[in-house]
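S.K.: got a sequence here, can you model it:
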Amino acid sequence: MVHAQLDPTAREPLAAQAVAAKTLKNLSWQQIADASGLSVAYTTAAVLGQHPLPAASAKAVAELLGLDAEAAVLLQTIPVRGSMPNRIPTDPTMYRFYEMLQVYGTTLKALVREQFGDGIISAINFRLDVKKVADPEGGERAVITLDGKYLSAKPF
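M.R.: Numbering: from 1, shown residues only. Have a look, this model is predicted:
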């Protein structure tokens, strides 16, 4: 049976416990994703409390992290999503994404509207990828791909 959370903080203690286990076992998010059979982005989001895991994935992740059966069940629940409860994030990395949307949000909206029309880009039918690449000018760059299904607005 599918179960959903009502409390937006219900998965926080499990996320903290899972991250602690990940650290103690010296595991990478990719190793956890490999155990789940799902993408690293989805698995990481799920362990951090933003997605439910399918039963087999939840059991495999719980086993890898040394979590109990109750944790495996909780990993399967549909969470109340949203990882920024204070609206404006204070964590520097999260704040930079917020800043990017402040600067480029209207541009992204204008370009999407021009190319697709009235609608949204789904965060449900969605893929996320993060890659580290060399910067030709020296150092490294982050290439972040947000790949969401476009859903057009429909008059009713």
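
S.K.: with adjacent residues omitted, what lies nearest to the residue nearest the centre of the chain?
M.R.: When CA atoms, centre = their mean is applied to the chain, the residue found nearest the centroid is Ala45 (3.3 Å). Counting by CB to CB, 6 or more residues apart in numbering, Ala45 lies nearest to His51, which is 4.9 Å off, once chain neighbours are set aside. Placement of C-beta: from N, CA and C, glycine included.

S.K.: pretty sure the one you found is in a strand, no?
M.R.: No - under DSSP: H, G, I helix; E, B strand; the rest coil, His51 falls outside any strand and is assigned coil.

S.K.: and the residue nearest to the centre of the chain, how far from Ser36?
M.R.: According to CB to CB, to the nearest Å, Ala45 stands 11 Å off from Ser36.

S.K.: for Asp7, same thing?
M.R.: Applying CB to CB to Asp7 and Ser36 gives a distance of 24 Å.

S.K.: give the rounded mean pLDDT of the host helix or strand of Ala72.
M.R.: Of the helices and strands defined by DSSP states H and E, Ala72 is found in helix 69-74. For helix 69-74, mean pLDDT rounds to 97.

S.K.: ok, now stretch 132-140?
M.R.: Mean predicted confidence for stretch 132-140 is 97.

S.K.: now that stretch - C-alpha only, CSV.
M.R.: Coordinates of each C-alpha in stretch 132-140 appear next as CSV, following Å, rounded to 0.1, in the frame of the first residue of the first chain:
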residue,chain,number,x,y,z
LYS,A,132,32.3,18.2,-13.2
VAL,A,133,34.2,19.4,-16.3
ALA,A,134,37.5,21.1,-16.8
ASP,A,135,37.4,24.9,-17.4
PRO,A,136,39.5,25.8,-20.4
GLU,A,137,40.5,28.9,-18.5
GLY,A,138,41.7,26.8,-15.5
GLY,A,139,39.9,25.1,-12.6
GLU,A,140,36.7,23.3,-12.9
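
S.K.: and the next helix or strand past the lengthiest helix in the chain?
M.R.: Taking DSSP state H as the criterion, the chain has its longest helix at helix 92-116. Tracing the chain past helix 92-116, the next element assigned as helix or strand by DSSP H and E is strand 119-134.

S.K.: residues of that following strand that come out buried?
M.R.: For strand 119-134, burial by neighbour count (16 or more other CB atoms under 10 Å) applies to Ile121, Leu128.
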